[in-house]
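1. got a predicted model here, sequence first, then my questions.
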Amino acid sequence: MELFDTHTHLDAQQFDEDRERVIDNAVQAGVTRMINVGFNRETIPSTMKLVETYDFIYAAIGWHPQDAVFMQEGDLDWIASLCSHPKVVAIGEIGLDYYWDTSPKDVQHRVLRQQIGLARELNMPIVIHNRDAHEDIVKILREEKAGEVGGVMHSFSGSWETAKLCLNMGFHLSFGGPITFKNARVPKEVLAQVPMDRLLIETDSPYLTPHPFRGKRNESANVRLVAEAAAQIKGVDLEEIAHITTQNGLERFGIV
């Protein structure tokens, strides 16, 4: 059985003391591919170092909305130049975050629009971070014709109505630890309705740790717990979810 963790942060400082062991744990759990996400000036280089070191780790790079205010002239060109690397498979995570008040909304909007434009120019999928900004995310994705390249709605937390709008633009929906939480009614209801060929799973480690380890550091190995929860919600066996989500990930990110 193969598993694909489509969104992780293995370069995070939380893994500095045991990164190799954490990656080995994932491999032992059946994780055959991971996408590490570099999202600012510090994590883009550390992500590139990981993909150079491990043949089964790929990269998504972009500028996170929380860091939008720190994006400088030349950073977009820097991201564009790195996108020529064969293991950079998406631009992200990019998007809007209205929960953390770290970058003004107008700056977030501008940085998001610029990066969607870059993705269209390079014909690369995008990975969308959306926290408490469902209406504006859909509006900007539409206005910037993001459906031309599609991508992934990372750690999807919106309603089924929002999900349908994203699906109609050609996006995949990715789910993580929250679908294992007892009180997470909405993501479970949405996942139940998402077409199988648009479904992805992720950990977002070291964050969003699934039950029964909630409150502890998350690891990519825990994508198996996400797969088990998704299988239960979909009413299929674990092997089927693992196979389908892995194939979806390979196709979405163009990994051979």
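-> Perfect, I can see it now.
2. C-alpha from now on. contacts and neighbour counts both.
-> OK.
3. next, the distance between the ends of stretch 11-31.
-> 17 Å (CA to CA, to the nearest Å).
4. let me know the next secondary structure element after the helix or strand Q115 falls within.
-> Using DSSP states H and E, the element containing Q115 is helix 105-122. Using DSSP H and E, the next helix or strand after helix 105-122 towards the C-terminus is strand 126-131.
5. put the alpha carbons of that next one into CSV.
-> Backbone C-alpha positions of strand 126-131 (Å, rounded to 0.1, in the frame of the first residue of the first chain) are rendered in CSV as follows:
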residue,chain,number,x,y,z
ILE,A,126,-1.1,26.1,-7.4
VAL,A,127,-1.6,25.1,-3.7
ILE,A,128,-4.1,27.4,-2.0
HIS,A,129,-4.0,28.3,1.7
ASN,A,130,-7.4,29.7,2.8
ARG,A,131,-8.3,30.6,6.3
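6. neighbouring strands for it, and are they parallel or not?
-> When pairs are called by DSSP bridges, strand 126-131 turns out to pair with strand 88-97 (parallel), strand 151-153 (parallel).
7. residues in contact with the shortest one: which ones?
-> Taking CA atoms under 8 Å, 6 or more residues apart in numbering as the criterion, the residues outside strand 151-153 that touch it are 90, 125-130, 166, 170-174, 252.
8. mind redoing it with 6 Å?
-> Contact partners of strand 151-153, identified using CA atoms under 6 Å, 6 or more residues apart in numbering, comprise P125, I126, V127, I128, F171, H172, L173, S174.
9. ok, now the longest one?
-> Strand 88-97 has contacts (CA under 6 Å, 6+ apart) with 59-65, 112, 124-131, 253.
10. start and end of stretch 77-97, how far apart?
-> Looking at stretch 77-97, the gap from its leading to its trailing residue is 23 Å under the measure CA to CA.
11. for that stretch, what is the average pLDDT?
-> Stretch 77-97 shows an average pLDDT of 98 in the prediction.
12. run through the helices of this protein in chain order.
-> Assigned by DSSP state H, the helices in the chain fall at 19-28, 43-53, 75-82, 105-122, 134-143, 160-168, 185-193, 223-234, 238-252.
13. can you redo these as JSON lines with mean neighbour count?
-> Below are the helices of the chain laid out as JSON lines (neighbours: other CA atoms under 10 Å):
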{"stretch": "helix 19-28", "mean neighbour count": "16"}
{"stretch": "helix 43-53", "mean neighbour count": "18"}
{"stretch": "helix 75-82", "mean neighbour count": "14"}
{"stretch": "helix 105-122", "mean neighbour count": "18"}
{"stretch": "helix 134-143", "mean neighbour count": "16"}
{"stretch": "helix 160-168", "mean neighbour count": "16"}
{"stretch": "helix 185-193", "mean neighbour count": "17"}
{"stretch": "helix 223-234", "mean neighbour count": "22"}
{"stretch": "helix 238-252", "mean neighbour count": "19"}
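14. closest to D204 out of these?
-> Among these, helix 223-234 comes nearest to D204, with 9.3 Å by CA to CA.
15. contacts for the closest one?
-> G176, G177, T180, A192, E202, T203, D237, L238, I241.
16. state the pair within those residues that is farthest apart.
-> Pairwise distances across the contacts of helix 223-234 peak at 19.7 Å for T203 and D237 (criterion: CA to CA).
17. more neighbours: these two, which one.
-> More neighbours surround T203 than the other of T203 and D237, with 31 against 13 (other CA atoms under 10 Å).
18. low-confidence stretches in the stretch 101-250 of the chain?
-> Scanning the stretch 101-250 of the chain for pLDDT under 70 picks out no residues.
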